[in-house]
Every structure is written in structure tokens, then in C-alpha cells.
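**Student:** Sharing a model prediction with you, sequence too.
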Amino acid sequence: MACTGGAVESLDTIPAHVWKGLPDCLHLGPSAINPNRVGVWATRAIPKGKKFGPFVGEKKKRSQVTSNVYMWEVYFPARGWMCVDATDPMKGNWLRYVNWARSSEEQNLFPLEINRAIYYKVLRPIGPGEELLVWYTVEDNPEITAALEEERASSLSRKNSPKAKRGEAFTYSNRDAARH
Ligand SMILES: C[S@+](CC[C@H](N)C(=O)[O-])C[C@H]1O[C@@H](n2cnc3c(N)ncnc32)[C@H](O)[C@@H]1O
């Protein structure tokens, strides 16, 4: 799960629109897990199940993306795999500053695709002063499975609404299976 590319980040280069879009329960500060990066920190308790997003970026083909640090790939039936690339801070929102957890123990968010957009969902309660860290596991994670079931159940209850949504978690297997 190595990420390549990505310049050293500093708080004074974060665009105003990113600060403006930051939810009240969060702030940006130096990351505890990567000295080169800004991180997203909780200022108060955030409950399990809260969903943040969508992740904003430029829509590009894979061949147009120069760094994989700030991008998510999403499958569009008519166009194939496309990237949402937030490498340019001016094109992204605060979600681009959420760092990668180094292990599933450290992870408190997981990525979720809903209607071709990426959201981060809270996997366990996050306390004030904790850094938000996203990850996904290749093996089945019961907590993620349960959260996806909840997402699907709430979609069903909205099934008559045009906004009905179906959540899908990212895994290496679903991305690679669709590629090969
Ligand atoms: C935005 S996430 C990383 C988040 C975090 N900001 C960081 O790098 O610390 C980017 C990573 O996810 C991977 N990735 C992108 N789309 C994916 C997908 N559909 N399924 C699985 N992994 C994906 C990329 O290859 C890259 O390693």
C-alpha cells in the first residue's frame, strides 16, 4: 500500500476554501504519523458511523495522474476506471489531508464509494485530540462489513427516493478484480 509522490505540506499553504469547508469537530495540524504531512485532528468526540465527504478532486484518467497519494480510483460503467485527484490543494477539500493509517489498529476511518463518490466513514468512536486516519483491509473486517450493512439498510429505507444510495467499500480485490 505504498504511496508515491506528494510534496512536504505545511499549514501556511492550505488554501482558504479548505479551512472554510472543515467541519466544526475537526482541525488541521501537523500529522503525528508523518512529519512531512498535515493531518486532520478531532477537536471533540466523533461517533462511530459518522460519514465525511465526498472527497473532492479533479476527475482524470489514470494516465493523467502523477502521484497516487491524493487520488482515489472509481469505476464508471460507461468510462471504466477514473481518478478523483486532489494532488492540487486548490482542487481538493480537507479530506485530502486525512493520512493513511499504518495498520488496521490505528485506522479510525474507512473509505466508502457511494454513487461514484468517495466518503470516509467513522469505524470506531474518535476522541478529542485523535488524528483521523483512513485505511482499508484486504481481509474481511467485521466492523467494516457491519458498517456497510448499515449503509445498505438505510439505502433500502430510502429506496423510493431518487437519492437512494448503495455503499461499497474499497478493497484491493474489488479494484483489481475489475481490472483483470
Ligand atoms: C487517497 S488514498 C491515501 C490517503 C492518504 N491521504 C495518504 O496517502 O496518506 C490514496 C491511496 O489509495 C489507493 N487507491 C486509490 N483508489 C483505490 C481503489 N479504488 N481501491 C483501492 N485502493 C485505491 C491509491 O493507490 C493510493 O495508494
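**Tutor:** All right, it came through fine.

**Student:** For the longest helix belonging to the chain, name the packing helices and strands.
**Tutor:** Counting by DSSP state H, the longest helix found in the chain is helix 142-157. Packed against helix 142-157 by the contact rule (3 or more C-beta pairs under 8 Å, 6 or more residues apart in numbering; DSSP states H and E) you find strand 109-114, strand 167-169. Just so you know, the C-beta spots here come from the backbone N, C-alpha and C atoms, and that holds for glycine as well.

**Student:** Now do it against strand 109-114, angle only.
**Tutor:** 30 degrees (axes from the mean of the first three to the mean of the last three C-alpha atoms, to 10 degrees).

**Student:** helix, strand or coil for the nearest residue to residue 117 once chain neighbours are set aside?
**Tutor:** Computed as C-beta to C-beta, 6 or more residues apart in numbering, the closest residue to residue 117 that is not its neighbour in sequence is residue 54, at 3.9 Å. Remark: residue 54 carries the secondary structure label coil [criterion: DSSP: H, G, I helix; E, B strand; the rest coil].

**Student:** Correct me if wrong: residue 104 contacts residue 144.
**Tutor:** No: contact criterion C-beta atoms under 8 Å: residue 104 and residue 144 do not qualify, at 9.6 Å.

**Student:** who's more crowded, those two?
**Tutor:** Set residue 104 next to residue 144 and count neighbours by other C-beta atoms under 10 Å: residue 144 wins out with 21 against 16.
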